[in-house]
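[1] What would the 3D arrangement of this be:
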Amino acid sequence: MKSRLIIALSLTTLVLILLPIALILLGLRGQGIFMISAIISLVYIGVYVFGGIPKLIITSIYGILVFTILRILPYDYQFPFIIIGTLLFILNPLSIFEQFLENKMKDEAVLPIRIRLSGSYWPFFEYRKEMKNFYHLPQQRKLYTKKWYLHTRQAVMLFLYTLGIFLFIHEINFVANSLNDFSWSNFFTLYIVIIVFLLAYFVHSKGFTSTFRILSVAIFPPIIYLTLISRFDDALRYSLAGSTVLFGLVIVAIELHNLYQRVAYDKYEYYDVDQQLEVRANALFEPLVYNETFTLSGHYHIKVSRKKFKQYFHDVLVYANFFHFIISAYAYEGDIVHLYTEFNKKAERRACKFKTYLEAKYKTDIPMDLKHDPDKTIYETNFFHRPEYIIARAQRLAELLKELHIDAPIIISIIAYFNNYDDLKYMKNEYHVTLIESIKVDDYITARIDLTTVNNDYLIETKIRDVLLSLMVYRGKYVRVSVYY
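    Next up, the predicted model:
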């Protein structure tokens, strides 16, 4: 996949380098031909990156076929074939051949490129992605619980993709037919094409609310352009365009502000008997506990009522979202709220500034404990390996299945490791255990313990406590729990 990305970036860079050269050396007709070629090249580079080589081959066949026939047909007959060409891309009659190519090629040539975040702040950006997915969960839940909503989204997405392909073919064909009277304004329709595809993507991945947000921002450039080319008096034209620009900037600023306001906190809620704490651990942080950069753990002791803490908790989440750190958990102990955070290993100053922010928000002195914890010992001891945390996680995952109206029996899957095969053998006598040979660290033996049960909180807790007790007896070490159906 890395080679695909290098090839795509090299070709894109080549197109961008040739662009100013073409504008300087070529005439107006030549500029038009180059721009058509460059735009089509960039489109197919995108298909290569995000669709893979089989998709590139199939779309290239369609593109060559449509281009050839449009060049042969008289102008009056081209419009009906543009519709046929659009349906060719949408219906994909060569899908069987595409599947054949996918089966013959390696995964790195077929799968879409997955852009992995790097740098010291990658855990936060992965966490933000998890948070956004959870924020949009109510929209995604409707796909499973309301068929009319699913069909509506599918129909709108299909319409937008079809419209985008039609407009793209039509506009490229129009520019190609008017090269002798070429005008750069002809390419403005391509902005509409980009927006249509963007809207289709957001309908597919986020839902209608996010789509309307994108549309509310994207609509301003066409309005400004149409105002500037209108036949109004210059004073009226420029004043309207200027007002539209200012109004658009205000909308963009509002949307950016709201973007940081859209935060979420999904919690594992339980009572820790040993520590005498009512815990609300951050479920969205759970997949990212172990990382090499967010190793600065903060613990803030806030003496405030629960009601007042909850009143400003959303503001605290927004602050963390803006300044790139994670609220990992909070817990109640009488009139004290314990707030736990994870910062970048070099963010001591931000941790201190957060203390100042909390003191200003809750109007009280707040003690802070700040420690570097690269092995995540603090989080493991306080939360991750606590029996109540493990049970709460399994129950929360099972609850999500209920929310999706999935009433089938569930499978509780517990990953654990053992020091030797004898201990593992005793576990096999009591549970369904699968050896995971692909995961072997420092001669430890990793295994998966699967438990089948109905989706009931009491039975889930009983099953997990039994397994944890057996792990203690047979010297197994808990790693993680998951729930499937």
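[2] In the strand or helix carrying V217, which residues are buried?
    Element membership for V217 (DSSP states H and E) is helix 208-218. Buried residues in helix 208-218, counted by 16 or more other C-beta atoms under 10 Å: S210, T211, R213, I214, A218. Every residue, glycine included, has its C-beta placed from N, CA and C.
[3] Output it as PDB, nothing but the C-alphas.
    Below are the C-alpha coordinates for helix 208-218, written out as PDB (Å, rounded to 0.1, in the frame of the first residue of the first chain):
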ATOM      1  CA  PHE A 208     -28.400  13.800   6.800                       C
ATOM      2  CA  THR A 209     -27.500  16.300   9.600                       C
ATOM      3  CA  SER A 210     -23.800  16.400   8.700                       C
ATOM      4  CA  THR A 211     -24.700  16.500   5.000                       C
ATOM      5  CA  PHE A 212     -26.800  19.700   5.500                       C
ATOM      6  CA  ARG A 213     -23.900  21.200   7.500                       C
ATOM      7  CA  ILE A 214     -21.600  20.700   4.600                       C
ATOM      8  CA  LEU A 215     -24.200  22.100   2.100                       C
ATOM      9  CA  SER A 216     -24.700  25.200   4.300                       C
ATOM     10  CA  VAL A 217     -21.000  26.100   3.800                       C
ATOM     11  CA  ALA A 218     -20.500  24.800   0.300                       C
END
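[4] Show me what that helix is packed up against.
    helix 189-205, helix 234-261 (3 or more C-beta pairs under 8 Å, 6 or more residues apart in numbering; DSSP states H and E).
[5] Next secondary structure element downstream of it?
    Where DSSP H and E defines the elements, the next helix or strand beyond helix 208-218 is helix 220-228.
[6] Only the buried residues of that following helix, if you could.
    F220, P221, I224, T227.
[7] Reformat those residues as TSV; add pLDDT.
    Listed next are those as TSV, based on pLDDT from 0 to 100:
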residue	pLDDT
F220	86
P221	85
I224	84
T227	83
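[8] and which of those is nearest Y330?
    Using C-beta to C-beta, F220 is the member of the buried residues of helix 220-228 that lies nearest Y330, at 40.9 Å.
[9] Apart from its chain neighbours, what residue comes closest to the closest one?
    G248 (3.5 Å; C-beta to C-beta, 6 or more residues apart in numbering).
[10] where does the stretch 351-485 of the chain dip in pLDDT?
    The model of the stretch 351-485 of the chain has pLDDT under 70 over residues 439-442.
[11] Got the domain ranges for this structure?
    1-115, 267-383, 395-484 (automatic domain parsing).
[12] what about stretch 370-389, start to end distance?
    23 Å (C-alpha to C-alpha, to the nearest Å).
[13] again, but for stretch 324-337
    One end of stretch 324-337 to the other measures 22 Å (C-alpha to C-alpha).
[14] pLDDT averaged over it, what's the number?
    The predicted model gives stretch 324-337 an average pLDDT of 93.
[15] before we move on, what about stretch 246-263?
    pLDDT averaged over stretch 246-263 gives 89.
[16] Quick one: residues in contact with it.
    131-132, 135, 213, 216-217, 220-221, 224, 314, 317-318, 320-322 (C-beta atoms under 8 Å, 6 or more residues apart in numbering).
[17] List just the nearest of the residues you listed to A22.
    P221 (24.5 Å).
[18] my guess is the closest one meets Y191, correct?
    Yes - using C-beta atoms under 8 Å, P221 makes contact with Y191 at a distance of 6.5 Å.
[19] now the strands for the stretch 251-400 of the chain?
    Here the stretch 251-400 of the chain has its strands, by DSSP state E, counting those that start in this stretch, at 267-272, 277-282, 296-303, 326-333, 336-343, 368-372.
[20] out of the ones you listed, which comes closest to E126?
    For E126, the closest of the strands of the stretch 251-400 of the chain is strand 326-333, at 10.2 Å, according to C-beta to C-beta.
[21] and the direction of the closest one versus that of strand 296-303, what angle?
    With axes from the mean of the first three to the mean of the last three C-alpha atoms, to 10 degrees applied, the angle from strand 326-333 to strand 296-303 works out at 40 degrees.
[22] helices and strands around strand 326-333, which ones?
    Strand 326-333 is packed against helix 122-135, strand 277-282, helix 306-323, strand 336-343, with contacts defined by 3+ C-beta pairs under 8 Å, 6+ apart.
[23] counting contacts, what elements does the third one pack onto?
    What it means is helix 306-323. helix 234-261, strand 326-333, strand 336-343, helix 348-362.
[24] can I get these in a markdown table with mean neighbour count?
    Converted to a markdown table, the helices and strands packed on helix 306-323 look like this (neighbours: other C-beta atoms under 10 Å):
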| stretch | mean neighbour count |
| --- | --- |
| helix 234-261 | 12 |
| strand 326-333 | 22 |
| strand 336-343 | 22 |
| helix 348-362 | 16 |
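[25] Quick check: which of the ones you listed is nearest to P20?
    Nearest to P20, of those and by C-beta to C-beta, is helix 234-261 at 27.1 Å.
[26] Hmm, M427 and I449 touching each other?
    Yes - judged on C-beta under 8 Å, I449 makes contact with M427 at a distance of 6.9 Å.
[27] List the residues that are in contact with both of the two.
    Taking C-beta under 8 Å, 6+ apart as the contact rule, I449 and M427 both touch V433.
[28] how close does L25 sit to S10?
    Noted for L25: a distance of 22 Å to S10, by C-beta to C-beta, to the nearest Å.
[29] Need the phi and psi values for I219.
    phi -80, psi -20 (degrees, to the nearest 10).
[30] confidence score at it?
    87.
[31] Likewise for R116?
    66.
[32] Ok, V318 next?
    Reading off the model, V318 has pLDDT 95.
[33] Just want the most central residue of the chain.
    K129 (4.7 Å; C-alpha atoms, centre = their mean).
[34] How about the contacts made by it?
    Residues near K129 by C-beta under 8 Å, 6+ apart: none.
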